[in-house]
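Visitor: task: produce atomic coordinates for the following.
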Amino acid sequence: MKLEIVILAAGLGKRMHSSLPKVLHQVAGKPMLLHVLETAKQLNPRKIVVVTGHQGERVEALVSALNDPVIECRRQTEQRGTADAVRAALPSLSEDSTVMVLYADTPLTPLADLQRLLETLECDQAQLALLTCLLEDPTGYGRIKRGPYGSIVGIVEEKDCTEAERRIQEINSGIIALPSKVLFKQLPRIDCSNAQGEYYLTDLAGIIASDGGSVAAVQADDFELLSGVNNKLQLASVERIYQEMQAERLLTEGVTLADPTRFDLRGTLEHGDDCFIDINCIFTGRVVLGSNVSIGAGCVISDCVIEDNSVISPYTVMEKSHLKQRTTIGPFARLRPGNTLEDEVHVGNFVEVKNSHLGSGTKAGHLSYLGDSDIGQNVNIGAGTITCNYDGAHKHRTAIEDDVFVGSDTQLVAPVTVRQGATIAAGTTVTAEVPAGALVLTRPQAVYKAGYQRPRKEKK
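Guide: Prediction:
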């Protein structure tokens with residue numbers, strides 16, 4: 001099957017009350033349009049046409065950034081309905097394909113439903129296949145009209161329904177598939193003689209049926225997944241449905257989630273066995289967990305690899321870092337991009353690490369900043385240690401070799417090297433290379449004044 005997909009992304013989105021185009025609002029940290037594009041790509045189409053309109057340049061910029069030769073944009077100059085939007089895509093479509101129409105504000109569209117729709121179109125040799133749903137309360141949706149023997153004879157939008165038609169419970173999802181030759185022939189016949197004065201794509205069903213053509217239907221399994229987003233309430237609802245789906249999948253795969261309703265995955269999460277994730281954690285980008293990894297409450301982890309038997313304590317924030325086995329991090333630690341932590345490294349509370357390599361067994365327990373550093377094995381970093389890596393214009397590196405002891409309240413002014421086994425006394429400022437095995441301390445002589453009286457405020 002030669003498949004071409006049209007994605008409608010031209011809507012104004014007034015009810016979002018936002019300057020951002022509706023289809024660029026995010027679900028799970030990604031614009032809704034990208035969710036639909038990813039689903040569409042799984043059908044292996046030879047072309048995807050995104051129809052833009054309101055703030056089209058912003059939507060087109062997103063598509064252009066994908067640099068995907070399969071995807072192109074067409075502009076709907078006026079928003080005059082769904083049929084008019086598809087008409088804008090016609091110059092990009094061939095006349096020997098199957099065309100599917102999707103919606104950029106329906107980010108959870110299930111791939112399985114789309115596959116069934118295409119199979120039904122082909123197997124039934126229909127001229128049009130509709131994805132429909134049965135709802136107890138169909139208010140707000142177009143109704144599927146069937147004839148005496150169950151064949152579909154048309155779709156009626158709610159504003160055009162009679163009282164009898166309003167009681168129909170089978171509704172139109174909007175997603176359709178049909179041969180391109182049928183689309184080219186029948187689309188020009190759609191007019192705007194309706195309550196909205198718009199060109200409805202749904203009119204295709206009645207036009208094709210009236211010509212004696214076959215209109216098939218596939219009923220979706222879960223209407224919630226086909227709910228379009230028109231306001232922030234619906235956006236929040238779709239977000240929660242998505243997160244519940246991810247949590248259910250991870251639980252099925254063996255991950256322990258302390259509370260599946262307080263879990264957010266905004267990227268991908270790979271994992272080994274016996275992983276535990278506490279409440280209110282957020283994962284973005286690509287995160288990989290080894291086996292027996294524990295993530296404490298409130299952690300935010302982005303684009304990180306965390307290997308076996310590591311413990312991330314609560315409220316740690318980390319990004320673009322690689323943690324080897326048996327590392328312990330936090331609580332309240334921050335790993336900025338570019339870090340590699342070897343086995344059994346400990347980074348404690350209120351320690352920040354950036355663009356650094358920490359050797360196995362190295363510990364930085366409290367209140368320190370380690371930036372642009374190469375630190376060896378079994379190094380002790382005392383509380384309040386700072387690598388002074390920025391001179392106002394350039395970053396410089398600090399090198400600390402194996403078995404170094406760095407006392408509390410030390411400043412290491414980069415570029416600087418501390419050789420193996422050296423000891424830096426508490427309160428020292430290091431500005432030159434420290435030889436192997438040496439002790440360095442920079443303390444002024446203490447002055448004591450007996451009986452000193454501090455200045456006191458006079459009472460008024």
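Visitor: show me where the chain has helices.
Guide: 32-41, 56-66, 82-89, 111-123, 163-166, 180-186, 203-210, 232-252 (DSSP state H).
Visitor: got a pLDDT number for the nearest residue to residue 352 once chain neighbours are set aside?
Guide: Spatial nearest neighbour of residue 352, chain neighbours left out: residue 334 (4.5 Å); criterion: C-beta to C-beta, 6 or more residues apart in numbering. Where C-beta positions appear, they are placed from N, C-alpha and C, glycine not excepted. The confidence metric pLDDT takes the value 98 at residue 334.
Visitor: so what sits opposite residue 334 in the bridge?
Guide: Assessed by DSSP bridges, residue 334 has beta-bridge partners residue 317, residue 352.
Visitor: hey, which of the helices of the chain is tucked in deepest?
Guide: A comparison of the helices of the chain by mean neighbour count, using mean count of other C-beta atoms under 10 Å, puts helix 82-89 on top with a mean of 23.
Visitor: quick one: that helix to chain centroid distance?
Guide: Centroid separation for helix 82-89 versus its chain: 29 Å, with C-alpha atoms, centre = their mean, to the nearest Å.
Visitor: just checking, what packs against that helix?
Guide: With contacts defined as 3 or more C-beta pairs under 8 Å, 6 or more residues apart in numbering; DSSP states H and E, helix 82-89 has these neighbours: strand 3-9, strand 47-52, strand 71-75.
Visitor: list of residues touching that helix?
Guide: 6, 8, 10, 49, 51, 53, 74-79, 101, 174, 183, 187, 190, 198-204 (C-beta atoms under 8 Å, 6 or more residues apart in numbering).
Visitor: can you say which of those residues are buried?
Guide: Listed as buried from the contacts of helix 82-89 are 6, 8, 10, 49, 51, 53, 74, 76, 101, 174, 183, 187, 190, 198-204; burial here means 16 or more other C-beta atoms under 10 Å.
Visitor: and residue 298, how far from residue 310?
Guide: Distance, residue 298 to residue 310, by C-beta to C-beta, to the nearest Å: 17 Å.
Visitor: of those two, who's got more company?
Guide: Comparing residue 298 with residue 310 by other C-beta atoms under 10 Å, the one with more neighbours is residue 310, at 24 against 19.
Visitor: could you find the closest non-adjacent residue to that one?
Guide: Closest to residue 310 by C-beta to C-beta, 6+ apart is residue 327, at 4.5 Å.
Visitor: with residue 18 instead?
Guide: residue 25 (7.1 Å).
Visitor: pLDDT below threshold where in the stretch 151-300 of the chain?
Guide: Within the stretch 151-300 of the chain, no stretch has pLDDT under 70.
Visitor: so what's residue 278 up against?
Guide: When contacts are counted by C-beta under 8 Å, 6+ apart, residue 278 touches 258, 295, 296, 297, 298, 299, 314.
Visitor: how much space between the nearest residue in space to residue 154 that is not next to it in sequence and residue 142?
Guide: The shortest distance from residue 154 to any non-neighbouring residue, by C-beta to C-beta, 6+ apart, is to residue 206 (3.3 Å). From residue 206 over to residue 142 the distance is 11 Å, taken as C-beta to C-beta.
Visitor: with residue 309 instead?
Guide: Taking C-beta to C-beta, one finds residue 309 at 55 Å from residue 142.
Visitor: so between these two, which is more surrounded?
Guide: The residue with more neighbours, out of residue 309 and residue 142, is residue 142; 25 against 17, by other C-beta under 10 Å.
Visitor: neighbours of the nearest residue to residue 377 once chain neighbours are set aside, how many?
Guide: Excluding the flanking residues, the one nearest residue 377 by C-beta to C-beta, 6+ apart is residue 359, at 3.8 Å. With neighbours defined by other C-beta under 10 Å, the count for residue 359 comes to 21.
Visitor: same thing with residue 254?
Guide: Look at residue 254: counted by other C-beta under 10 Å, it has 11 neighbours.
Visitor: can you pull the phi/psi pair for it?
Guide: The phi/psi pair for residue 254 (degrees, to the nearest 10) reads phi 110, psi 0.
Visitor: separation between it and residue 274?
Guide: Residue 254 is 8 Å from residue 274, where distance means C-beta to C-beta.
Visitor: for residue 115, report the pLDDT, please.
Guide: 97.
Visitor: could you count how many residues lie near the closest residue to it other than its chain neighbours?
Guide: Leaving out its chain neighbours, the residue that sits closest to residue 115 by C-beta to C-beta, 6+ apart is residue 43, at 7.3 Å. Residue 43 has 16 neighbours, counted by other C-beta under 10 Å.
Visitor: ok, now which ones touch residue 43?
Guide: 3, 5, 100, 111, 114, 115, 118.
Visitor: pretty sure the fourth one sits against residue 38.
Guide: Going back to what we said before, that points to residue 111. No - counting by C-beta atoms under 8 Å, residue 111 stays clear of residue 38, with 9.5 Å between them.
Visitor: the residue nearest to residue 382 when sequence neighbours are not counted: neighbour count?
Guide: Leaving aside its sequence neighbours, residue 382 sits nearest to residue 408 (C-beta to C-beta, 6+ apart; 3.7 Å). Using other C-beta under 10 Å, the number of residues around residue 408 comes to 18.
Visitor: residue 265 touches residue 243, doesn't it?
Guide: Yes - counting by C-beta under 8 Å, residue 265 does reach residue 243; the two are 6.7 Å apart.
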